[in-house]
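Trainee: Have a look; sequence and predicted model below, questions after that.
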Amino acid sequence: MSNTPSSILDQMLCFEVYSTEHAFSRLYKSLLAPLGLTYPQFLVMVLLWETDDQTVNGIGGQLGLESSTLTPLLKRMESAGLITRTRDKQDERRVRVSLTEAGDALRSEAKGIGTCVANATGMPEAELKSLLLELRKLRSGLAAFNTAAE
């Protein structure tokens, strides 16, 4: 894609975000295939590698996913032997998610993914950090608008 906008589509922020997401998806698909993970599964693993033993609702809140979307994903991960799901002993309505030994071991295999993705962008670290802040601001503004519109 050219850096010079040549059509209405090229001037649409939403299309730029959409097409960038597709580029990220293709990159992550190739990086995660050897690990047997999809991108949403990888995000769950990243959260659990950071803090093991979280609730389904907690994970869903951090990822912006409803329980109806997250539960089938977690079931597949449990079948693959990466996580366990258990009822919370203090409140049986809550389900806790924890890493298995295999899930924890996958962390070392995934260690270089972030660096690989950063390198693939072709952008310096300072620009990436600035972009991250701008995207958070964009997401926050859209979320606020959507909440007000409901």
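Mentor: Yep, it's here.
Trainee: From now on I want contacts and neighbour counts done on CA atoms only, so please keep to that.
Mentor: OK.
Trainee: for stretch 130-150, what is the average pLDDT?
Mentor: Here stretch 130-150 scores 93 as its mean pLDDT.
Trainee: Convert the C-alpha atoms of it to CSV, please.
Mentor: The C-alpha coordinates for stretch 130-150 follow below in CSV (Å, rounded to 0.1, in the frame of the first residue of the first chain):
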residue,chain,number,x,y,z
SER,A,130,4.0,6.3,21.0
LEU,A,131,1.7,4.4,18.6
LEU,A,132,0.6,2.1,21.5
LEU,A,133,-0.4,5.2,23.6
GLU,A,134,-2.3,6.7,20.6
LEU,A,135,-4.1,3.4,20.0
ARG,A,136,-5.1,3.2,23.7
LYS,A,137,-6.5,6.7,23.5
LEU,A,138,-8.4,5.9,20.3
ARG,A,139,-9.9,2.7,21.8
SER,A,140,-10.8,4.6,25.0
GLY,A,141,-12.6,7.3,23.0
LEU,A,142,-14.5,4.8,20.9
ALA,A,143,-15.5,2.8,24.0
ALA,A,144,-16.7,6.0,25.7
PHE,A,145,-18.8,6.9,22.7
ASN,A,146,-20.3,3.4,22.4
THR,A,147,-21.1,3.4,26.1
ALA,A,148,-22.8,6.8,25.8
ALA,A,149,-24.7,5.6,22.7
GLU,A,150,-26.2,2.6,24.6
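Trainee: any idea how far Met12 is from Phe24?
Mentor: Remark: distance between Met12 and Phe24 (Cα to Cα, to the nearest Å) = 19 Å.
Trainee: now do Leu70
Mentor: Between Leu70 and Phe24 the distance, using Cα to Cα, works out to 21 Å.
Trainee: How about Val46?
Mentor: Here the criterion is Cα to Cα. By it, Val46 lies 17 Å from Phe24.
Trainee: What number of neighbouring residues does Leu82 come out with?
Mentor: Leu82 has 20 neighbours, counted by other Cα atoms under 10 Å.
Trainee: ok now do it, which residues does it touch?
Mentor: Taking Cα atoms under 8 Å, 6 or more residues apart in numbering, we find Leu82 in contact with Leu99, Thr100, Glu101, Ala102, Gly103, Asp104.
Trainee: Out of these, which end up buried?
Mentor: Leu99, Gly103, Asp104 (16 or more other Cα atoms under 10 Å).
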